[in-house]
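[1] Fold the following and give me the result.
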Amino acid sequence: MTNAQNFYIIYYIFEREKERVKPILQPTTCPSCDSMLERVNDLLYCYNKSCPAQWDKKLQHFATSLKIKGLGPATITKLQLESFQELYELTVAEIEQRLGSARLAEKLFQELNNSKNASLQTLLPAFAIPLFGRSASQKLCDSISHIEEITEKSCTEAGIGPKASMNILNWLEDEYYPQRLADTLPFSWTAEKVERKPTIGVVCITGKLKTYPTKAHAQEVLSRYGYVVKSSLTKDCTHLVNESGIESAKTQTARERGVLIINNVKELIEEN
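    Here you go, the predicted model:
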């Protein structure tokens, strides 16, 4: 077979494949709520706050943050809730009717009652405020005692970044005050004052942790025991946490500087 024949065979196959391939059309509306999608940095977003899919995810995050056992995706679908307020207005009988189980209803009702004791530190990240997680919440709650003390000034004084500060202030203005959450949700909205020990060391965490689910969680615990946690290996670092065992650049630098390398955060805490 000549080169010309090979060329025409390949060309024929290519043209046939082009006919079979259908172009991918970019969606214009949200598949869950039919709202118009907005394109941001090559990604499509639905900004409808009443979008059912977004609400389900928010409620799942809320349940996980407050450790409400039994309030998973399947249960949320069966409960058919439309607000956080409705969640806490449920009676045992209503839960049983929707879940079809008296045992599950009793357990979930008790979990909801237990969650009412959540401190402000835990509560704020539960509302899925962008860029406002456990670490930011802890910093802010170290300097205030009640949610209504949150202002631009208190955020700045607590060392909260401008974007996170703007997001928490917008949430207060758009949701907390308009929905009168202080009156409709059964929380004290007060910060739990944690007695912290004097600073005994400066810690940098590299890589994934095994002892805690997130670095923010580990940072919260370490700070209670007197450790300052930094994101980079500064000259004043006394400890580098490397639970993964991977010889990262930070680990090599720490070894050269004589910084103590720790492979278990909990063992570091137990030493004190």
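[2] ok, which stretches of the stretch 1-150 of the chain are strands?
    With DSSP state E, counting those that start in this stretch as the criterion, the stretch 1-150 of the chain has strands at 38-40, 43-45.
[3] The ones you listed: which one's closest to residue 77?
    strand 43-45 (23.3 Å; C-beta to C-beta). Yep, even glycine has a C-beta here, placed from its N, CA and C like the rest.
[4] what helices or strands is that closest one leaning on?
    Applying 3 or more C-beta pairs under 8 Å, 6 or more residues apart in numbering; DSSP states H and E, one finds that strand 43-45 contacts strand 38-40.
[5] who touches the strand it packs on?
    With contacts defined as C-beta atoms under 8 Å, 6 or more residues apart in numbering, strand 38-40 is touched by 44, 45, 46, 47.
[6] Ok, stretch 25-36 next?
    37, 44, 46, 47, 48, 50, 51, 52, 53, 54.
[7] Lowest-confidence one in those residues?
    Within the contacts of stretch 25-36, pLDDT reaches its minimum at residue 50, with 77.
[8] count of residues packed around residue 237?
    Residue 237 has 21 neighbouring residues, counting by other C-beta atoms under 10 Å.
[9] quick one: secondary structure of it?
    coil (DSSP: H, G, I helix; E, B strand; the rest coil).
[10] residues in contact with residue 72?
    Residue 72 neighbours (C-beta under 8 Å, 6+ apart): 60, 63.
[11] How confident is the prediction for it, by pLDDT?
    Confidence for residue 72, expressed as pLDDT, is 95.
[12] how near is it to residue 220?
    Per C-beta to C-beta, to the nearest Å, residue 72 is found 25 Å from residue 220.
[13] low pLDDT regions in the chain?
    1-23, 194-196, 272 (pLDDT under 70).
[14] mind listing the helices in it by residue range?
    Secondary structure of the chain (DSSP state H): helices located at 3-20, 52-65, 73-79, 84-89, 92-99, 102-115, 120-126, 134-141, 152-157, 162-171, 181-184, 215-224, 249-257, 265-270.
[15] residues of stretch 148-166 that come out buried?
    Neighbour-count burial for stretch 148-166 flags 150, 155, 158, 160, 164, 165, 166 (criterion: 16 or more other C-beta atoms under 10 Å).
[16] Render the CA-only coordinates of stretch 158-177 in CSV, please.
    What follows is stretch 158-177, C-alpha atoms only, in CSV (Å, rounded to 0.1, in the frame of the first residue of the first chain):
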residue,chain,number,x,y,z
ALA,A,158,-8.1,39.5,65.9
GLY,A,159,-5.9,39.2,62.9
ILE,A,160,-8.6,38.1,60.5
GLY,A,161,-7.7,38.7,56.8
PRO,A,162,-9.7,41.3,54.8
LYS,A,163,-11.6,38.7,52.6
ALA,A,164,-12.6,36.5,55.5
SER,A,165,-13.6,39.7,57.5
MET,A,166,-15.8,40.9,54.6
ASN,A,167,-17.4,37.5,54.3
ILE,A,168,-18.3,37.2,58.0
LEU,A,169,-19.6,40.8,58.0
ASN,A,170,-21.7,40.1,54.9
TRP,A,171,-23.1,37.0,56.4
LEU,A,172,-24.2,38.9,59.5
GLU,A,173,-25.8,41.6,57.3
ASP,A,174,-27.5,39.2,54.9
GLU,A,175,-28.5,36.2,57.1
TYR,A,176,-27.9,36.5,60.8
TYR,A,177,-29.7,39.8,61.4
